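A.B. asks: Need a 3D model of the following:
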Amino acid sequence: MTDSKYFTTTKKGEIFELKAELNSDKKEKKKEAVKKVIASMTVGKDVSALFPDVVNCMQTDNLELKKLVYLYLMNYAKSQPDMAIMAVNTFVKDCEDLNPLIRALAVRTMGCIRVDKITEYLCEPLRKCLKDEDPYVRKTAAVCVAKLHDINAQLVEDQGFLDTLKDLISDSNPMVVANAVAALSEIAESHPNSNLLDLNPQTINKLLTALNECTEWGQIFILDCLASYLPRDDRESQSICERVTPRLSHANSAVVLSAVKVLMKFMEMLPKDLDYYGTLLKKLAPPLVTLLSAEPELQYVALRNINLIVQKRPEILKHEMKVFFVKYNDPIYVKLEKLDIMIRLASQANIAQVLAELKEYATEVDVDFVRKAVRAIGRCAIKVEQSAERCVSTLLDLIQTKVNYVVQEAIVVIKDIFRKYPNKYESVIATLCENLDSLDEPEARAAMIWIVGEYAERIDNADELLESFLEGFHDESTQVQLQLLTAIVKLFLKKPTETQELVQQVLSLATQDSDNPDLRDRGYIYWRLLSTDPVAAKEVVLAEKPLISEETDLIEPTLLEELICHIGTLASVYHKPPSAFVEGSRGVQHKRLPPRAGSGESTESPDVGQSGPSEAPPAVIPSQGDLLGDLLNLDLAPPTATVPSVQPSMQMGAMDLLGGGLDSLVCSSPMGAGLGAAPAAMPASLGGAPAVGGGLGDLFDLGGGVGMPTGSYVAPKTVWLLAMKAKGLEISGTFARRGGIIQMDLSLTNKAMSVMTDFAIQFNRNSFGLAPAGPLQVLTPLSPNQTIDVSLPLSTSGPVMKMEPLNNLQVAVKNNIDVFYFSCQYPLSLLFVEDGKMDRQVFLATWKDIPNDNEAQFQIKDIHLNSDVASNKLQGSNIFTIAKRTVEGQDMLYQSVKLTNGIWVLAEMRIQTGNPNYTCTEPRIVYANLLHSQ
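C.D. replies: Residues are numbered from 1 along each chain as shown. Here you go, the predicted model:
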């Protein structure tokens, strides 16, 4: 007889009858009654009134009955916490039962009863089970610790359960090891900064040993744990890879993907010229191909992961193109994903068979798939230049089919081909124009209008074609309206005499009859350009366009690295980091691939979360929510003109600000002479750039920059913010002092595909109060592949805070896309003011009063200048020679410098004829008000 009888509806007084049966002396009747209770509970009936009667049934040796009672307890303990305490004694007793299955059942149920009142009573039984002689009990107890930690984390820590869990990693039973790793990983997720999984080579060896013997899900836990380890060197990395590789042939696809994740991560540390590296690449292909023979849902998950792997390492599957060819019975979601991977793997070697496949797909009945196939042909043309002609020919054949949606997709992709290969395939325009009337989708209409406007001089009736679109201007989508406006302006600039009426009509429609602000603004800009400066209009509108990139849909490199670390999880299916879809504190740890062996990538993506022998790079930029992070909340509007001036009391505090004087800037470097040498270059990963030289060496024009004998030295521009760190915005710059005004010279380059506007800039507090003296003047939108040079005047009236290093400047730049942060260093010579020439008598008196231990002495090497030339060169940077004398064949120059904050620097420079090395002595700083009192 089946269990369905327990679910049949019952008569009146059901609870009363069940109560009587539960208290029966007959064991079989009791068991039947409990089954009925569980059945009622399963269908949603409230049987909590029977709690004490069911709990009484716990006192039994029958394992089946005990399981049923425990199931009831888990369900109702939360609503009956006071009654649940009755079961504590039974749990304690069951945890000491001779049968290991009962001990494990008791400890498992304990972990599932989420009642604070009884957790403290369960600590002792749990402790015993963690050290039980039976591995089945130990592995169950390990998972129970993670559940208990979720209920009461403090209790678990106080009772020392975490240390016991760590000990279980060394257990002799592989399943106990796997469950201990799973529990510690779960707890570590809720405490990202804790070092619970303290992985070292010995622990890793134990995990790898357990990997071969535990169950498939145990293997996944261990592999995921291995993926978070950072090997010490490439030898250890290779050793781990060798021991993980056998998992690639596992029957469970989750184990395979977890193994692939570990191998993809550790391959980063293997030199590419290593024989094993090539062997590993070959071994990765077969398991990925095998995943594609599973059911469609699994295929889709595998394809999403393969998409990431192909973007990172296309060489793994470059010979496996055929497995991604679409089958007739594939679901649409599998077809589209396969199509995407085919394009990523397309190369000159296989383009012929890829195009043949795509042309076949374009005749399918599934409209979405056909559209994607036609677009894929265009992407092939852009990616593989040698195939462009064949692709265009294929697209023309498809246009001849006169299938409406095929024609429209073909026109959209041909527009992109024109952008990639200008003046090469324009002979097909006539064929495109024949299909003008059949276009009804906005994207296709906009593409056709762009083609007509761009190549108006080659199309005899271009004005008639555009005029036909103009008839229903207000019914068109915004995309088409904007494209039509630009196309007619292009046409007018190419054929002004014939199209004057047409351009006036479209400008009137765009500005006076439209309520779309984007369209109206563009119309006004064109109108003013055409009416005031037609030459400028021609340069703007008909400017040479940047070539489009071959891959516009590649995942951004840093995000790709993070997703590779999440292969086999939801993140790899969504192609989004866990922080984008996991709420709360869990799952928001950002993972990175380890640095590649033998390359300079260690500063490109430091994995600060990993424990490793290398030291962490210096933190140039504070974390989000710290000093620079607060810039997000600041108003990025230009500073007001009325900035309060620095009070004399500020000058008195200068000694504290600089931590005892400028000697800290010069003692560590042979290039300093009291002016402060810039420290070493900052890590590129933090957005920094090589420091702008700040020492005398640069002032003598040793840095290879632009030497200006009559003015201050200006270092060449260096990259401060890489495009890959700022969504396509690259910022290069340098600093200069011109006519007593400090200026930041910037070059803004747009390496993205979209226009950038609305620029603003903000500085964090810094050692000398540098702040923008006006807004960042980027007057025109920054188009793709365009560079704009901007000079930003700076004041020294901003808020002051000592930085490390002293001349460090933290900057936030905002545009219409996002706010970006970087750090740069300015030369201290920027701060030397024009009235820094000290009176000779004051200089002499001050020099004598300075104790010897307040001096710093060092050499400036390889300067082939005599004292007079050196003095003149330095004076261009406001370092003034007060006196000169010759002693024993050495020229002695005594110099003074005044900083913007009123601090004076005195220096002595000794120059010996024929010796390219200068010796400098730089005493401590002297305050302005002390000097005036001499």
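
A.B. asks: How much space separates Arg528 from Asp521?
C.D. replies: 11 Å (Cβ to Cβ, to the nearest Å). (Glycine included, C-beta is placed from N, CA and C.)

A.B. asks: end to end, how far does stretch 126-142 reach?
C.D. replies: From its first residue to its last, stretch 126-142 covers 9 Å (Cα to Cα, to the nearest Å).

A.B. asks: And for stretch 810-829?
C.D. replies: Start-to-end, stretch 810-829 (Cα to Cα) is 18 Å.

A.B. asks: Going forward, the N-terminal residue is numbered 835.
C.D. replies: That works, and once the first residue is 835, the last one we named lands at stretch 1644-1663.

A.B. asks: what comes up buried for it?
C.D. replies: 1644-1649, 1651, 1654-1663 (16 or more other Cβ atoms under 10 Å).

A.B. asks: which residues in this structure form strands?
C.D. replies: For the chain, the strands defined by DSSP state E occupy 1552-1555, 1563-1572, 1575-1584, 1594-1597, 1605-1606, 1621-1629, 1642-1648, 1653-1659, 1690-1694, 1714-1721, 1724-1732, 1737-1746, 1752-1756, 1760-1761.

A.B. asks: Any chance of those strands in JSON lines with mean pLDDT and distance to Lys1236 as columns?
C.D. replies: As requested, these are exported to JSON lines (pLDDT from 0 to 100; distance: least, Cβ to Cβ, whole Å):
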{"stretch": "strand 1552-1555", "mean pLDDT": "92", "distance to Lys1236": "50"}
{"stretch": "strand 1563-1572", "mean pLDDT": "92", "distance to Lys1236": "44"}
{"stretch": "strand 1575-1584", "mean pLDDT": "92", "distance to Lys1236": "40"}
{"stretch": "strand 1594-1597", "mean pLDDT": "91", "distance to Lys1236": "52"}
{"stretch": "strand 1605-1606", "mean pLDDT": "92", "distance to Lys1236": "60"}
{"stretch": "strand 1621-1629", "mean pLDDT": "92", "distance to Lys1236": "45"}
{"stretch": "strand 1642-1648", "mean pLDDT": "92", "distance to Lys1236": "50"}
{"stretch": "strand 1653-1659", "mean pLDDT": "91", "distance to Lys1236": "49"}
{"stretch": "strand 1690-1694", "mean pLDDT": "76", "distance to Lys1236": "78"}
{"stretch": "strand 1714-1721", "mean pLDDT": "86", "distance to Lys1236": "83"}
{"stretch": "strand 1724-1732", "mean pLDDT": "86", "distance to Lys1236": "80"}
{"stretch": "strand 1737-1746", "mean pLDDT": "83", "distance to Lys1236": "80"}
{"stretch": "strand 1752-1756", "mean pLDDT": "63", "distance to Lys1236": "82"}
{"stretch": "strand 1760-1761", "mean pLDDT": "31", "distance to Lys1236": "87"}
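
A.B. asks: what bits of this protein have low per-residue confidence?
C.D. replies: 835-847, 1026-1029, 1384-1386, 1418-1424, 1426, 1429-1546, 1687-1688, 1750-1768 (pLDDT under 70).

A.B. asks: For Val889, find the nearest of the strands of the chain.
C.D. replies: strand 1653-1659 (59.5 Å; Cβ to Cβ).

A.B. asks: In its sheet, which strands sit next to that closest one, and in what direction?
C.D. replies: Strand pairing for strand 1653-1659, determined by DSSP bridges: strand 1642-1648 (antiparallel).

A.B. asks: how big is the angle separating the strand it pairs with from strand 1575-1584?
C.D. replies: 50 degrees (axes from the mean of the first three to the mean of the last three Cα atoms, to 10 degrees).

A.B. asks: Strand 1642-1648 vs strand 1621-1629, what angle?
C.D. replies: With the same axes, to 10 degrees defining the directions, strand 1642-1648 sits at 120 degrees from strand 1621-1629.

A.B. asks: Distance from strand 1642-1648 to the middle of the chain?
C.D. replies: 19 Å (Cα atoms, centre = their mean, to the nearest Å).
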